[in-house]
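Asker: Based on what follows, work out the 3D shape:
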Amino acid sequence: MRRQVGATTVDIDTIESYVEYGIGEPRVIDYGAIMSAGHDAGYDQISRFVLTVTGTTTHGRCAQCDAERWFLRVPETGQVFELAHEVAVGDDVTIRARVEGWETDHALLHSE
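Answerer: The predicted model follows:
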């Protein structure tokens, strides 16, 4: 995890069957690299993905589904995450969200 996705902290619990890791500095989240790292570590099936991320909220049209959506943009990386719920535009926020569709080209963040 450290080498493949840049994790600075890693917590693995084989009894509860989860892996948590943190990234110390902003970097683009690559879901494919995370899947690959999990597979290489012996986790053949990833069933849940939770992300904590800080950014600025925006509103616009989704390029994948052409629907009006709210987004979280990470200024340091330029990465944009589509949100499943409405938010106030222009706020700087940190959210903890379950990622739905992370194994596709159209991931959606649901606040936890």
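Asker: the longest strand in this protein is where?
Answerer: When every strand of the chain is counted residue by residue (DSSP state E), the longest turns out to be strand 50-61.
Asker: For it, give me every contacting residue.
Answerer: 29, 67-75, 80-81, 83, 87-99, 109, 112 (Cβ atoms under 8 Å, 6 or more residues apart in numbering). Every C-beta, even on glycine, is put in place using the N, C-alpha and C of the backbone.
Asker: Going through those, which ones are buried?
Answerer: Burial of the contacts of strand 50-61 was assessed by neighbour count (16 or more other Cβ atoms under 10 Å); the buried members are 29, 69-72, 74, 80-81, 83, 87, 95, 97, 99, 109.
Asker: tell me the least confident of those residues?
Answerer: On pLDDT alone, residue 29 ranks lowest of the buried ones among the contacts of strand 50-61, at 85.
Asker: so what's it up against?
Answerer: Contact analysis of residue 29 by Cβ under 8 Å, 6+ apart lists 51, 53, 79.
Asker: Could you measure from residue 35 over to residue 49?
Answerer: Look at residue 35 and residue 49: by Cβ to Cβ, to the nearest Å, they are 9 Å apart.
Asker: If you count surrounding residues, which of the two has more?
Answerer: The residue with more neighbours, out of residue 35 and residue 49 and counting by other Cβ atoms under 10 Å, is residue 49; that gives 19 against 16.
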